[in-house]
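Colleague: Need coordinates for the following:
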Amino acid sequence: MKICVYGAGAVGGHIAGRLAAGRTQVSLIARGEQLAAIQQHGLRVETRDGELISRPVATDRPGDLEPQDIVIVAVKAPALPAIAEHIGSLLHPDSLVLFVNNGIPWWYFHSHGGPLDGTHLRRLDPERALWDGIGPGRAVGAVAYTACTVVEPGVIRAANPRNRLIVGRPDGRSDKRLDALASLLNPTGLEATVTPRIRDAVWAKLLMNLIGGSLAVLTASAMKDVLDKPAVAGVAKAMAAEGIAIARALGCDPGDPEEGLSKLGTSGHLQSIAQDLRAGRPMEIDAMFRVPLDLADMVQIPTPNLELVIELAIQRARAAGQYHDTSR
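Modeller: Residues are numbered from 1 along each chain as shown. Take a look at the predicted model:
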């Protein structure tokens, strides 16, 4: 099975490093210093269990690669429409495309069922480049729990003792190719699970991103230094309750928020969206913050706490020149 990881940042590089270390035939789309370092020195992933060193095929020209059976896309959501054509060049008629993103994915309402089935989320895919160019029928959702950081070009550090990847088709159908991918990843130390309810997994992580991400943008702090304040913890619980109401109105079960908040409250890892703000990188404002509020409007769920904190976080990003709302 030919697998390409599109995006060699913290998450994509981590996944590629795990696959390559397990002797899977993997290629990597990278750019800039990251590409140069991987081509010259290989890819190094530092884990709790030791270093994984590999030399995957790395290029910044997707068209130079043969069609792939699975493409794992691990770039920030704002960049997806611009690279849709390049992703398309990697595909054959039966290829699957896994999108490892935070927040609500562009394919969310494909095979959703109910009155919102097939709804196109224009805020995430304004010109339909993803919907029409790649097609939601070949899309696979992927939710990653990996606290990874690019510590220098070509070197990625995975801080979590346990690293997980949850994947699933929007239509919930089983797929032997996803089972095969999980069998390749699990021996490498990245626990891969295939689920028929990928939207539940999306919402379980999104709830913590709505809280941790927005508060981290406002405070520039890890959640262990924020949620220990009773006033902030109370607001976080109210935000979680509102997020759960949205998820349930859409037919999803996001799990126990108390468990998630407990883990979040002990995390010393700065949320990725706050890292992006600090580094001047594109931020996943729409997928993580604005679209969930759009969905709340669709299902008529009041979200006063989420709206307050999220609007403040968006203004922080806007003031830094890192967010421009094209819908305004």
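Colleague: count of neighbours near Gly168?
Modeller: 25 (other Cβ atoms under 10 Å). From N, CA and C alone the C-beta is placed, and that goes for glycine too.
Colleague: is it true that it touches Ala201?
Modeller: Yes. Gly168 lies in contact with Ala201 (Cβ atoms under 8 Å); the separation is 7.1 Å.
Colleague: which residues are common contacts for those two?
Modeller: Residues touching both Gly168 and Ala201 (Cβ atoms under 8 Å, 6 or more residues apart in numbering) are Gly141, Thr195.
Colleague: centroid residue for this structure?
Modeller: In the chain, the centroid-proximal residue (Cα atoms, centre = their mean) is Asn101; its distance is 1.9 Å.
Colleague: Just want the phi and psi numbers for that residue.
Modeller: Backbone torsions of Asn101, given as degrees, to the nearest 10, read phi -130, psi 160.
Colleague: Show the contacting residues for it.
Modeller: Asn101 sits in contact with Val73, Lys76, Ala77, Leu80, Ala142, Glu284, Ala287, where contact means Cβ under 8 Å, 6+ apart.
Colleague: Pick out whichever of those sits closest to Asp125.
Modeller: Asp125 lies nearest to Leu80 out of these, by Cβ to Cβ, at 7.5 Å.
Colleague: after the helix or strand containing the closest one, next one along is what?
Modeller: Under the criterion of DSSP states H and E, Leu80 resides in helix 80-88. The helix or strand immediately downstream of helix 80-88 is strand 91-100, counting by DSSP H and E.
Colleague: If you count neighbours, what's buried in that following strand?
Modeller: Leu91, Ser95, Leu96, Val97, Leu98, Phe99, Val100 (16 or more other Cβ atoms under 10 Å).
Colleague: Now stretch 59-77: average pLDDT?
Modeller: The pLDDT scores in stretch 59-77 average 96.
Colleague: How about stretch 35-45?
Modeller: Stretch 35-45 comes out at a mean pLDDT of 96.
Colleague: Then stretch 281-297?
Modeller: Across stretch 281-297, pLDDT averages out at 96.
Colleague: and the end-to-end length of it?
Modeller: Its start and end residues considered, stretch 281-297 measures 29 Å (Cα to Cα, to the nearest Å).
Colleague: from now on call the first residue 376
Modeller: In the new count, where the first residue is 376, that last one comes out as stretch 656-672.
Colleague: How far does that stretch sit from its chain's centre?
Modeller: 13 Å (Cα atoms, centre = their mean, to the nearest Å).
Colleague: which residue ranges form the helices in the stretch 576-703 of the chain?
Modeller: With helices called from DSSP state H, counting those that start in this stretch, the stretch 576-703 of the chain shows them at 589-594, 605-624, 632-639, 647-654, 660, 666-673, 679-694.
Colleague: Give me the contacts around the shortest one.
Modeller: Residues from elsewhere that reach helix 660, judged by Cβ under 8 Å, 6+ apart: Pro453, Ile648, Ile689, Ala692, Tyr698.
Colleague: how far away is the residue lying closest to Arg503 once chain neighbours are set aside from Trp481?
Modeller: For Arg503, ignoring the flanking residues on the chain, the nearest one in space by Cβ to Cβ, 6 or more residues apart in numbering is His495 at 6.8 Å. From His495 across to Trp481, the span is 8 Å (Cβ to Cβ, to the nearest Å).
Colleague: for Ser429, same thing?
Modeller: 30 Å.
Colleague: between those two, which one's more packed in?
Modeller: It is Trp481, of Ser429 and Trp481, that has more neighbours when counted by other Cβ under 10 Å, with 27 against 20.
Colleague: measure the more buried one to Ala615 for me?
Modeller: 25 Å.
Colleague: try Val601
Modeller: Distance of Val601 to Ala615, given as Cβ to Cβ: 14 Å.
Colleague: before we move on, the earlier item: quick one, what contacts the residue nearest to Arg503?
Modeller: Contact analysis of His495 by Cβ under 8 Å, 6+ apart lists Phe484, Arg503, Trp506.
Colleague: Quick one, which of those residues are buried?
Modeller: Among the contacts of His495, those classed as buried by 16+ other Cβ under 10 Å are Phe484, Trp506.
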